[in-house]
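Undergrad: pasting the sequence and the predicted model now:
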Amino acid sequence: MITVAKGVYAPGHLGELTRIVPFEMVDAVLAETGRTQRRVRLLPSRVVVYLLLAAGLFAEVGYLGVWGKLVAGLHGLGLARPSATGLWHARVRVGVAPLRALFDLLRGSAAGIRTVGVWWCGMVVTAIDGTVLDVPDSPGNTMRLGKNRSQHGTAGYPQVRLVALVACGTRAVIDAVFGPKHDGESTQAMRLMRSLHAQMIVLLDRGFDSNTFLTAVAATGADFLVRLNGNRKPPILARHGDGSYTSIIAGVRVRVIACEITISTTAGTHTGIYRLATTLLDHRRFPALEVVKLYHERWEVESAYLEIKSTLLGRRVLRSPIPTLIAQEIYALLTVYQVLRIAITDTADATHGVDPDRASFTTAVQAARDLIVQAANVIAETTIDLVGSIGRHLLDNLMPTRRLRVSPRAVKRPLSRYAYKSLGVDRRSYLATLSIDIIAGQPALTDHGDP
């Protein structure tokens, strides 16, 4: 039996995910931001919000196509089909504020106290990094965002830089900011300081090792673990038995760990020397080897971006031709990604001991899409089902415990899809063996990518 809201509100749902974003929540953010419609028409503001969220799950179709997905399971309700112009005006009427407020309500680690893989020595493990999103090459977007420059002038799409603070254990977004690409990652990331706090450790790559940024992170009470650039020469204040040494960077007392990391595969062996700095000063409680192994978790933020840009967007350009609606679209995309991550983590927690890493994000997306088209499980039954249909799909298709695999870094979207053949790029993944050796003193640094 299909149970949705009545009348013109019926298309306003997100399938089973409506339980995480209920009608009351959407109505509250609309009221808070003053975007509730003055009179009920074909497209009430609540319906528009759900349409925007659903668009993040159906990137391959336009907004009229998304409307078709929302009403596909609602035959017999006599729902009128809006025009493309009507949807445009409805989006403009709702604006950015309700989507931003909705994201603010839902953002967070999504973890419980017993969620597997989230905590390390009593701290929630997080990472900050940035990526770029392509937007339509319209006059408004180009004027606001600019375009990439090359020897032939400008090329490609205008781009928005997105910088996020991600919980490594769940890949949920704790906070995110975005703006023109010409604003650097560390500059935009300063706006994330509002979400850092004690009992949190932040993993950072070399792009975030500036004095200003590290001082700001330390001032929040959060700890950090950052890879240092090769031009840094921090003084050695005291050496420790685990090979690390105490130093000071921009007035912040840190412990520096130098290590040699060797990755062996059937394709050969790769060795690099890396130097990390952390505010975890107790070398007995936080041994150097364990800290180095923790740094590998930084790649979870890269996986989160892959899920957003590849699984959700399908490597597509965003839809909106004006900057204001680009912001609306990005907040909707981040919100629906966060809702999926909450559903995955809730499923893992309900099964007592399953690592969220073993739940397939692709499976969750496919199940959520099906339930939207069917308009299924929109309103919860009297008996609360903590796992739900999406959770059962996840549990029936759990991935094996993650193995160490490596693949060479390569351009993901070359100008020609045949370019990798002429360039000889190896796109295969290999099972790998990893060895870590802590090095006392200050070694000569290599310029290899992060381990």
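TA: Great, that's in hand. Note that the structure is a prediction, hence the values are computed from the model and not measured.
Undergrad: and the pLDDT for Leu77?
TA: On pLDDT, Leu77 comes in at 82.
Undergrad: name the nearest residue to it, ignoring sequence neighbours.
TA: Distances taken as Cβ to Cβ, 6 or more residues apart in numbering put Ala10 closest to Leu77, at 5.5 Å, once the chain neighbours are dropped. C-beta: built from backbone N, CA, C; applies to glycine.
Undergrad: next, give phi and psi for the one you found.
TA: Here is the backbone geometry of Ala10 (degrees, to the nearest 10): phi -60, psi -40.
Undergrad: helices of the chain, start to end?
TA: With helices called from DSSP state H, the chain shows them at 23-32, 45-55, 63-71, 84-94, 97-106, 139-145, 185-189, 211-219, 288-295, 299-306, 323-350, 361-373, 388-396, 419-423.
Undergrad: mean pLDDT added to the ones you listed, as CSV?
TA: Below are these laid out as CSV (pLDDT from 0 to 100):
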stretch, mean pLDDT
helix 23-32, 96
helix 45-55, 97
helix 63-71, 96
helix 84-94, 96
helix 97-106, 98
helix 139-145, 89
helix 185-189, 95
helix 211-219, 97
helix 288-295, 95
helix 299-306, 95
helix 323-350, 96
helix 361-373, 96
helix 388-396, 91
helix 419-423, 57
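Undergrad: can you redo these as JSON lines with mean neighbour count and distance to Val177?
TA: What follows is the helices of the chain, written out as JSON lines (neighbours: other Cβ atoms under 10 Å; distance: least, Cβ to Cβ, whole Å):
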{"stretch": "helix 23-32", "mean neighbour count": "17", "distance to Val177": "19"}
{"stretch": "helix 45-55", "mean neighbour count": "25", "distance to Val177": "19"}
{"stretch": "helix 63-71", "mean neighbour count": "19", "distance to Val177": "26"}
{"stretch": "helix 84-94", "mean neighbour count": "16", "distance to Val177": "21"}
{"stretch": "helix 97-106", "mean neighbour count": "21", "distance to Val177": "11"}
{"stretch": "helix 139-145", "mean neighbour count": "16", "distance to Val177": "15"}
{"stretch": "helix 185-189", "mean neighbour count": "19", "distance to Val177": "5"}
{"stretch": "helix 211-219", "mean neighbour count": "17", "distance to Val177": "14"}
{"stretch": "helix 288-295", "mean neighbour count": "20", "distance to Val177": "24"}
{"stretch": "helix 299-306", "mean neighbour count": "19", "distance to Val177": "14"}
{"stretch": "helix 323-350", "mean neighbour count": "23", "distance to Val177": "10"}
{"stretch": "helix 361-373", "mean neighbour count": "19", "distance to Val177": "23"}
{"stretch": "helix 388-396", "mean neighbour count": "19", "distance to Val177": "29"}
{"stretch": "helix 419-423", "mean neighbour count": "10", "distance to Val177": "33"}
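Undergrad: picking up where we left off before, show the pLDDT at the residue nearest to Leu77.
TA: pLDDT at Ala10 comes out at 91.
Undergrad: mind checking the longest strand of the protein?
TA: The longest strand of the chain (DSSP state E) is strand 252-265.
Undergrad: tell me the strands beside that one, with direction?
TA: Using DSSP bridges, strand 252-265 pairs in its sheet with strand 245-249 (antiparallel), strand 268-278 (antiparallel), strand 433-439 (antiparallel).
Undergrad: out of those strands, which gets nearest to Trp67?
TA: Trp67 sits nearest to strand 433-439 of all those, at 49.1 Å, using Cβ to Cβ.
Undergrad: bridging residues for Ile128?
TA: Leu165.
Undergrad: wait, it sits on Ala167?
TA: No: Ile128 lies out of contact with Ala167 (Cβ atoms under 8 Å); the separation is 11.4 Å.
Undergrad: so what's Ala250 closest to, chain neighbours aside?
TA: Residue nearest to Ala250 in three dimensions, not counting chain neighbours: Asn211, with 3.5 Å by Cβ to Cβ, 6+ apart.
Undergrad: quick check: which ranges of the stretch 351-451 of the chain have low pLDDT?
TA: In the predicted model, the stretch 351-451 of the chain carries pLDDT under 70 at residues 380-386, 403-427, 441-451.
Undergrad: and the residue nearest the centre of the chain, how far is that from Leu162?
TA: Note on the chain: the residue nearest the mean C-alpha position is Ala304, at 4.1 Å, using Cα atoms, centre = their mean. Distance, Ala304 to Leu162, using Cβ to Cβ, to the nearest Å: 11 Å.
Undergrad: what do you get for Ala367?
TA: Separation of Ala367 from Leu162 (Cβ to Cβ) stands at 26 Å.
Undergrad: isn't Lys147 right up against Tyr157?
TA: Yes: shown here, Lys147 and Tyr157 form a contact pair, counting by Cβ under 8 Å, at 7.5 Å.
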